[in-house]
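Novice: kindly generate the corresponding structure for this input.
(one chain, ligands or ions: 2)
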Amino acid sequence: MEEQLVRYARAGYAGLFLCTAEEARAEAEVKAAAKELGRNVHAWSISTGMIDTASGSIHRCYDPVEALEAIESLSGDSVVVLRDFGALLEDKDPLLVRKLRETLHHAKSAGKLIVLVGVGKTLPPELEREITRIDFDLPDREQLATVLDAITDSATLPAIGEPDRETILDAAGGLTTMEAENAFALSVVETGNVEATIVAREKAKALKSGGLLKVVDTPAVLDDIGGLDALKDWLLHRREAFTQRARDYGLPIPKGMLVLGVPGTGKSLTAKATASVFGLPLLQLDAGKLFGGLVGQSEANLRSVIQTAETISPCVLWIDEIEKGFGGVGSSGGSTDGGTSARVFGTMLNWLQDKTKPVFVVATANDVSKLPPELLRKGRWDELWFVDLPNSQERAAIWHIVVEKYGREKTAFDSVLLARASELHTGAEIEAAFVEALHRGFARDREPTELDLGEVLCESVPLATTMSESIEQLRHWAKTRARHATHADKPANGKRKLDLS
Ligand SMILES: Nc1ncnc2c1ncn2[C@@H]1O[C@H](COP(=O)(O)OP(=O)(O)OP(=O)(O)O)[C@@H](O)[C@H]1O
Ligand SMILES: [Mg+2]
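Specialist: Ligands and ions are numbered 1, 2, ... in the order given. Okay, the predicted model is just below:
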């Protein structure tokens, strides 16, 4: 950041907007840049007036317009930090906007640099071209390490050795310095030490408060998924694709995959297991919430999501039910919301295509007809997967998994029989049937039997029968455009000949 500021100043920029909640850190960067440039820094806020940071002398101009006037009387090569100006400009006071424009012109000819520091608000349109907005990056590993050292020092704890230190810094990635400091300090208060798990917990809270991203703490692994062997093989082949060894070998960083398919067939489960395969943290994006109420908010939302994911990277970013966020962009995007969703979608596509940071995106969707075709182009993803209804072998595997999940021996039931009885059922429906049988067994104070399960299955109407038309359409669509998550030599369609060997 410091270097970037130096470059802007050397290039003669007069106005910058450092968009951040981390005022202290941003100002430290500005001061470091000014030092490098051999310039003096003045800092103004509505409560302190203008302070010459070198001499400590104060000019008592609390009014923003007066502050701008004061800038004009400063010496030629000053750097001026204006705190909270973004918020003050929110009111769009014409006098203030006018005065700022004039001061910027003056600054430009006099070689002064004005830096607005504050949280991410949009600037009035008159100023957008005069002021360059810089999204202030979250602290990197080295900066977080400095914060960690400061906390262990002040708590007079022994230095944290490897690999714990690395794990803690991993857990703190994506936090602001203030949040990291708080999380480290809280951990010391709670446990007497800095624990990665507590830092991760605090991070999950910090991200949650933004509402768009949350850290999913999931124990799901590939063995929890019945079937989908082609997809599993594919993932296993990429298990080490995020390691340094893979970079040294010259492997490109995997971009991500889109998983399409019938509801309840394990798409979300696959997304969770992906993070375990790679051994990376899992972030879940709520695509529906991206489209915030205010104009310009959605784009800012997406920018902050991308920034957080890249800072936390390497990580897996899971966009569940992507059609909810980006569905209908093609058809209604331009007319219903002034093109916002189309623009946000464009930003998303560009990022998917061009991202260089190791963020593996797993998107899931049930309904391709709602998705804009650009998103379905194969080049955007490493692979486009189609998950069909489980075939008989897959159903048998799912029965085993479900039975064990609820604490029963998998040998307690004949999985081949159950697979046959649950034709056309999805994994989610198989699980629901088993839970229902458990209820029935519990009510009669005995273990559920195959007969109970048969009864439940007979009574339930699988989604595949009520939705047969849309499933057929999805299959037809996927035939030539997506890869089947189940190996081709195994029939995937329950209607074909059953293979019970
Ligand atoms: N292939 C499978 N193997 C094991 N369990 C499964 C499988 N498919 C589904 N399940 C069970 O059903 C639950 C729901 O599945 P999941 O949420 O992954 O489905 P989905 O495809 O994401 O559905 P939706 O499209 O409705 O979001 C899982 O938590 C799991 O318990
Ligand atoms: Mg799902």
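
Novice: V359 is in contact with T308, isn't it?
Specialist: No - between V359 and T308 there is no contact, the gap being 10.0 Å when judged by Cβ atoms under 8 Å. C-betas here are computed from N, CA, C, even on glycine.

Novice: and stretch 269-285, end to end?
Specialist: Length of stretch 269-285, first residue to last, Cα to Cα, to the nearest Å: 15 Å.

Novice: what about it and ligand 1, touching?
Specialist: Yes - using Cβ under 6 Å from any ligand atom, stretch 269-285 reaches ligand 1 at L269.

Novice: what distance separates that stretch from the centre of its chain?
Specialist: On the basis of Cα atoms, centre = their mean, to the nearest Å, stretch 269-285 sits 12 Å off its chain's mean C-alpha point.

Novice: buried ones in it?
Specialist: Within stretch 269-285, the residues that count as buried by 16 or more other Cβ atoms under 10 Å are 269-278, 280-285.

Novice: quick check: the residue in the stretch 351-500 of the chain positioned nearest to ligand 1 vs T449, distance?
Specialist: Scanning the stretch 351-500 of the chain for the residue nearest ligand 1 gives G427, at 2.1 Å (criterion: Cβ to the nearest ligand atom). For G427, the distance to T449 equals 22 Å [Cβ to Cβ, to the nearest Å].

Novice: between those two, which one's more packed in?
Specialist: Taking neighbours as other Cβ atoms under 10 Å, G427 and T449 compare with G427 leading, 28 against 15.

Novice: what's the neighbour count on the nearest residue to K112 once chain neighbours are set aside?
Specialist: Closest residue to K112 apart from its sequence neighbours, by Cβ to Cβ, 6 or more residues apart in numbering: S78 at 5.1 Å. Number of residues near S78 (other Cβ under 10 Å) recorded here: 19.

Novice: does S78 touch A43 like I think?
Specialist: No - between S78 and A43 there is no contact under Cβ under 8 Å: 10.8 Å.

Novice: isn't F17 right up against T132?
Specialist: Yes - F17 lies in contact with T132 (Cβ under 8 Å); the separation is 6.9 Å.

Novice: between the two, which one's more packed in?
Specialist: F17 (26 against 13).

Novice: element containing that one, please.
Specialist: strand 15-19 (DSSP states H and E).

Novice: can you check V115 too?
Specialist: strand 113-118.

Novice: then that strand to PDB, C-alphas only?
Specialist: C-alpha atoms of strand 113-118 as PDB (Å, rounded to 0.1, in the frame of the first residue of the first chain):
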ATOM      1  CA  LEU A 113      -1.900  15.300  -2.000                       C
ATOM      2  CA  ILE A 114      -5.300  15.000  -0.300                       C
ATOM      3  CA  VAL A 115      -6.200  11.600   1.200                       C
ATOM      4  CA  LEU A 116      -9.700  10.900   2.400                       C
ATOM      5  CA  VAL A 117      -9.700   8.100   4.900                       C
ATOM      6  CA  GLY A 118     -12.900   6.400   5.900                       C
END
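
Novice: just the pLDDT at K208, thanks.
Specialist: Here, the pLDDT recorded for K208 equals 60.

Novice: S109: neighbour count?
Specialist: Applying other Cβ under 10 Å, we find 9 residues neighbouring S109.

Novice: how close does the closest residue to V216 other than its chain neighbours sit to ligand 1?
Specialist: Distance criterion Cβ to Cβ, 6+ apart; nearest residue to V216, sequence neighbours excluded, is L282 at 4.4 Å. Note on L282: its distance to ligand 1, by Cβ to the nearest ligand atom, to the nearest Å, is 14 Å.

Novice: which phi and psi does L282 have?
Specialist: When read as degrees, to the nearest 10, the backbone of L282 gives phi -110, psi 120.

Novice: and the helices in the stretch 1-150 of the chain?
Specialist: With helices called from DSSP state H, counting those that start in this stretch, the stretch 1-150 of the chain shows them at 2-10, 23-37, 64-72, 85-89, 94-110, 125-128, 141-154.

Novice: out of those, which is the most enclosed?
Specialist: The highest average neighbour count among those, using mean count of other Cβ atoms under 10 Å, belongs to helix 85-89 at a mean of 20.

Novice: before I go, just wanted to say thanks for your time.
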